[in-house]
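S.K.: Just to be clear, the model below is a prediction. Sequence and coordinates:
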Amino acid sequence: MIVLLAAAVLSVALVVAAVDWLLTHWWFLAAAAVLAALTGGGWLYRQRHRARWEADRTQGLRYGLAQIDALHHSRFEDAVRDLMRRDGCRDALRVGGGGDLGADVKATDPYGRRWVIQCKHRRNGAAGSAVGTPDLQVLNGTARQVHGADIAVIVTNGRVSAPAVAFAKQQRLHVVDRHTLGVWAAGSRPLWELLRAVPPPRKPSASL
């Protein structure tokens, strides 16, 4: 009991001494406040500068098909994500990897529509193996039910088989083949302007 009482008295004495020291050396508190403000202001400036730089970078983003063909499959997913960001999908995120359940990129466009994109990269481009119906079946089975997609898309720098194209039309899936990808990646039009029969906007665009 005596030990606890002594500890309490010591603690109070230390607090009183600290307060007394700070009141005597008020300039220390002022300097600390100024330093904190400068540090916080610098952090905010860097964050805003980085955000502006990223916006400028993505707005001018362009890819040629030769560049895309040379990418690693994971970098291809990054490229698709960045193109969606360029188009105004600020939350575009690459989620591909083990257990992705058919979704490599997710994004919400300026009209409120949720995009789920599966990416199929072919190192040999058009000479590589065609994207087939099984690839579309995976996307069809998860895009809406699991990921909540309004628009489900498969993007490839290669070919898409005729049966896969027919299946996509039947199931309201969208196919971005090599030709469409080339137009999208090298231009400035958003993907939804290049695809047919996309769902109507959920909300007005903030830019309208």
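M.R.: In hand now; what should we look at?
S.K.: Could you look up the SS state of the nearest residue in space to His147 that is not next to it in sequence?
M.R.: Nearest residue to His147, sequence neighbours excluded (Cβ to Cβ, 6 or more residues apart in numbering): Val116, at 4.5 Å. (Glycine included, C-beta is placed from N, CA and C.) With DSSP: H, G, I helix; E, B strand; the rest coil as the basis, Val116 sits in strand.
S.K.: After the helix-or-strand element of the chain with minimal mean pLDDT, which helix or strand is next?
M.R.: One helix or strand of the chain scores below all others by mean pLDDT, DSSP states H and E: helix 26-59, with a mean of 62. Next in sequence after helix 26-59, counting helices and strands by DSSP states H and E, comes helix 65-69.
S.K.: how far is the next helix or strand along the chain from that following helix from where the chain is centred?
M.R.: Helices and strands here follow DSSP H and E; after helix 65-69, the next one along the chain is helix 73-86. Counting by Cα atoms, centre = their mean, to the nearest Å, helix 73-86 is centred 9 Å from the centre of its parent chain.
S.K.: quick one: average pLDDT of helix 73-86?
M.R.: Regarding helix 73-86, the rounded mean pLDDT is 96.
S.K.: can you list contacts of that helix?
M.R.: Contacting residues not belonging to helix 73-86 are listed as 58-59, 61, 63, 68, 71, 92-94, 96, 104-105, 107, 109, 115, 117, 119, 121, 155, 157, 184-185, 191 [Cβ atoms under 8 Å, 6 or more residues apart in numbering].
S.K.: Kindly give a single PyMOL line that selects the buried subset of these.
M.R.: Listed next is the PyMOL selection for buried residues among the contacts of helix 73-86, using 16 or more other Cβ atoms under 10 Å:
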select buried, resi 58+63+68+71+92+94+96+104+105+107+109+115+117+119+121+155+157+184+185+191
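S.K.: mind listing what the residue nearest to His147 touches?
M.R.: Contacts of Val116 (Cβ under 8 Å, 6+ apart): 102-103, 105-106, 139, 142-144, 147-149, 151-153.
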